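> I would like to see how this sequence folds:
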Amino acid sequence: MAATIVSTSCQEKKEQPMVQYVVQPEIELGKTADFFISFKVKPDSVWAENGKIDGLELTTDLSEVMQHIDESKSTDDSGKVIHAYYNFYTYAKPTRLGKISFPVLNVSIQGKQYKTAAFSVNVVEKLKVDQDAVKIELSSDKAVYDLKDTVKISLYEYSKFTNAVRKNVSKQSAIAGKGNEIKISTEQGPDEITGIAGFEKYLEQGLEMEDFDWDPFKSRKSIENRDGVDYLKTLIFTGSFLPKKKGEFKIGPSEFNYLVFKSNTDYFARLTPMDDGKYSVTDGGATKLKVGSNTITFKVK
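The predicted model follows:
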């Protein structure tokens, strides 16, 4: 199955909420799902109207969020922190069908109070992975630039499922495991990270890279509503580039193969133990999709 989206080349800037629930919008009864709370900056305190969620069993309750916030950072070559990210993470297991509404989460940051927007998930007996399960969108911040301007290009993944495993079309990762350890080895260049064939050569000829950020572990998730449907939004890459010449630039499409698992239960079921204590990693239980982005064009004058 293949899915491709078409969009305008210019990116609409959307402000990240200070605090947000990030959970797969639709989940299967009795199967575990990833449960994130994303923070724009590190909070001073966090408290919930209710530490539990009716219809959802959490491995770690909301009353313990503040004690379990993880921090991840991206740095430049000198070790200077460019971006910092903060998440609470646990597992959730639905115990009943239907809509499950989440309690308001309150956050204090530098003397100011913030709260989560209204949020809920829908629990069903059986989920279906359709052609629109995953979309990827390539965008630039403008359609026309001056030669001295900085061109900003971004690629985001929009998925209905948390466990959408992205693989480069031309180069696959090598995965091996033993005990509780999984080793993933792959060479990641611009073409592999972006999924755009010939992107590195294109940069050499027309664009000079100023800044580049990507999320190899897919830990920077948010929820975004697109045409009335909630999606898990994940950064694939964003970069700032200086044009080397004038003219029209055409970039894309980006293409990836995906293995889509409907739940954590299905995702971890692919680890098959063997007699020697090792285990094999299979694609069993996954729906395979080939997903392509739009192509962007912009002018430099």
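> Outline the domain layout of the chain.
For the chain, the structural domains run 19-124, 129-300, going by automatic domain parsing.
> Pick out the shakiest of these, pLDDT-wise.
Here the domains of the chain differ in mean pLDDT, and the lowest is domain 129-300 at a mean of 87.
> What is the end-to-end distance of it?
41 Å (C-alpha to C-alpha, to the nearest Å).
> For the protein, which segments are assigned as helices?
With DSSP state H as the criterion, the chain has helices at 190-194, 199-206, 264-268.
> For the last one, name the packing helices and strands.
If you count contacts as 3 or more C-beta pairs under 8 Å, 6 or more residues apart in numbering; DSSP states H and E, helix 264-268 packs onto strand 163-168. Any C-beta I mention is one placed from the backbone N, CA and C, and that applies to glycine too.
> Next: the longest one.
Under the contact definition 3+ C-beta pairs under 8 Å, 6+ apart, helix 199-206 sits against helix 190-194, strand 247-251.
> related to what we said a few turns ago, which of the helices of the chain sits most buried?
helix 190-194 (a mean of 20; mean count of other C-beta atoms under 10 Å).
> what sits up against it?
Contacts to helix 190-194, defined as C-beta atoms under 8 Å, 6 or more residues apart in numbering, come from residues 155, 168, 170-171, 186, 196-200, 203, 214, 236-237, 254.
> Between which two of the residues you listed is the distance greatest?
Greatest spatial distance among the contacts of helix 190-194 (C-beta to C-beta): Thr186 and Leu203, at 20.2 Å.
> How about the contacts made by the residue nearest to the spatial centre of the chain?
With the centre of the chain defined as its mean C-alpha position, the nearest residue by C-alpha atoms, centre = their mean is Thr234, 2.1 Å away. Contact analysis of Thr234 by C-beta under 8 Å, 6+ apart lists Tyr156, Glu157, Ser159, Asp215, Lys218, Arg220, Lys221.
> The closest residue to Glu57 other than its chain neighbours - how many residues pack around it?
Setting aside the residues directly before and after it, Glu57 is nearest to Lys93 in space (C-beta to C-beta, 6 or more residues apart in numbering), at 4.5 Å. Counted with other C-beta atoms under 10 Å, residues neighbouring Lys93 total 19.
> Show me where the stretch 151-300 of the chain has its strands.
151-159, 163-168, 174-178, 181-185, 207-214, 221-226, 229-243, 247-251, 255-261, 271-273, 278-281, 287-292, 296-300 (DSSP state E, counting those that start in this stretch).
> what's the angle between the first one and strand 229-243?
Using axes from the mean of the first three to the mean of the last three C-alpha atoms, to 10 degrees, the direction of strand 151-159 lies 160 degrees away from that of strand 229-243.
> strands paired with strand 151-159, and their directions?
strand 134-140 (antiparallel), strand 229-243 (antiparallel) (DSSP bridges).
> As TSV, those strands with distance to Glu192 would be great.
Listed next are those as TSV, based on distance: least, C-beta to C-beta, whole Å:
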stretch	distance to Glu192
strand 134-140	15
strand 229-243	11
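> what's the closest of those strands to Gly285?
So among the strands paired with strand 151-159, strand 134-140 is nearest, using C-beta to C-beta, at 16.3 Å.
> Distance from the closest one to the middle of the chain?
Here the centre of strand 134-140 is set off from its chain's centre by 12 Å, with C-alpha atoms, centre = their mean, to the nearest Å.
> residues near the spatially closest residue to Asp230 that is not a sequence neighbour, how many?
Closest residue to Asp230 apart from its sequence neighbours, by C-beta to C-beta, 6+ apart: Pro25 at 4.1 Å. Other residues near Pro25 come to 18 when the count uses other C-beta under 10 Å.
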